[in-house]
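Visitor: No letters, just coordinates:
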Ligand SMILES: O=C[C@H](O)COP(=O)(O)O
């Protein structure tokens, strides 16, 4: 994997058209630091306008349905995201699993639909605090990963799936809490994820980017991104303003220099 960290902001249910000014400011920072790849996943209502407003950052969705069309009130398909200007979709986020009851088979079907529609996929996995305390974090996360990985030919046509897939490791207890795992724990989990990706995809498993997410801030970004298997960050709260997200992008640019 080339050492170009990928920093993705997940705006969750935040942002109106006024927030496009913030996205433009973030875009200007991203343009200045091309050694960092930057993405933002705004609410669906802003995808189209954000795509028009920015040049140097990827725009993505926070979820998609596994079907292409149909009677699914309130849902959005992968091809609709693509049509609106998205290039990626965050799938299986723990908030979707927790508040919408998303299951591993559903996340897998969504991943396959997103790839088929031409989107890149950011597949989220993570353990609860209870699982971490019980010593079952790695087993939980790797089981979740294998159950959600898209089941598609690897390298049959065009780019291999491994080039269009990233895994985001987000310990649920670290999301929005200001708590982060130790660097040893981040390293161990990223190694375990890498091993499973290589089992699933053979040599191409080494190319799948693994992101860390959960209370990433400018202050801890550099040390987290310095972990050998950490290929970027999925950032929630700190991605909403240029002040905090721009600082993370600059920290990532520092990491890319090493
Ligand atoms: O998708 C992003 C994560 O849920 C992390 O959120 P956070 O940076 O606010 O902890």
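Guide: Structure's in. What do you need? Bear in mind that the values here come from a model prediction, so they are computed numbers and not experimental data.
Visitor: Would you check how far apart the closest residue to the ligand within the stretch 1-150 of the chain and residue 43 are?
Guide: Among all residues of the stretch 1-150 of the chain, residue 10 sits closest to the ligand, at 3.5 Å; criterion: C-beta to the nearest ligand atom. For glycine as for every other residue, the C-beta is placed from the backbone atoms N, C-alpha and C. Per C-beta to C-beta, to the nearest Å, residue 10 is found 10 Å from residue 43.
Visitor: Next, show the common contact partners of the two.
Guide: Common contacts of residue 10 and residue 43 (C-beta atoms under 8 Å, 6 or more residues apart in numbering): residue 62.
Visitor: So for those two, which residue has more residues nearby?
Guide: Taking neighbours as other C-beta atoms under 10 Å, residue 10 and residue 43 compare with residue 10 leading, 26 against 16.
Visitor: low pLDDT regions in the stretch 51-200 of the chain?
Guide: Within the stretch 51-200 of the chain, the stretches falling below the threshold (pLDDT under 70) are 153-158.
Visitor: Just the helices from it, written as ranges.
Guide: Using DSSP state H, counting those that start in this stretch, the helices found in the stretch 51-200 of the chain span residues 78-84, 94-100, 104-116, 129-133, 137-148, 161-164, 183-201.
Visitor: what does the third one contact?
Guide: In other words, helix 104-116. 63-68, 77-78, 81, 89, 91-92, 97, 120-121, 123, 144, 147-152, 161, 164-165.
Visitor: Mark which of those are buried, thanks.
Guide: Neighbour counting by 16 or more other C-beta atoms under 10 Å classes 63-66, 77-78, 81, 89, 91-92, 97, 120-121, 123, 144, 148-150, 161, 164-165 among the contacts of helix 104-116 as buried.
Visitor: quick one, what contacts the residue minimising distance to the centre of the chain?
Guide: In the chain, the centroid-proximal residue (C-alpha atoms, centre = their mean) is residue 122; its distance is 4.0 Å. By C-beta under 8 Å, 6+ apart, the contact list for residue 122 reads 8, 60, 88, 89, 90, 91, 166, 167, 168, 211, 234.
Visitor: can you list the helices of the stretch 51-200 of the chain in TSV and add distance to residue 238?
Guide: Formatted as TSV, these follow (distance: least, C-beta to C-beta, whole Å):
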stretch	distance to residue 238
helix 78-84	24
helix 94-100	16
helix 104-116	25
helix 129-133	21
helix 137-148	23
helix 161-164	26
helix 183-201	17
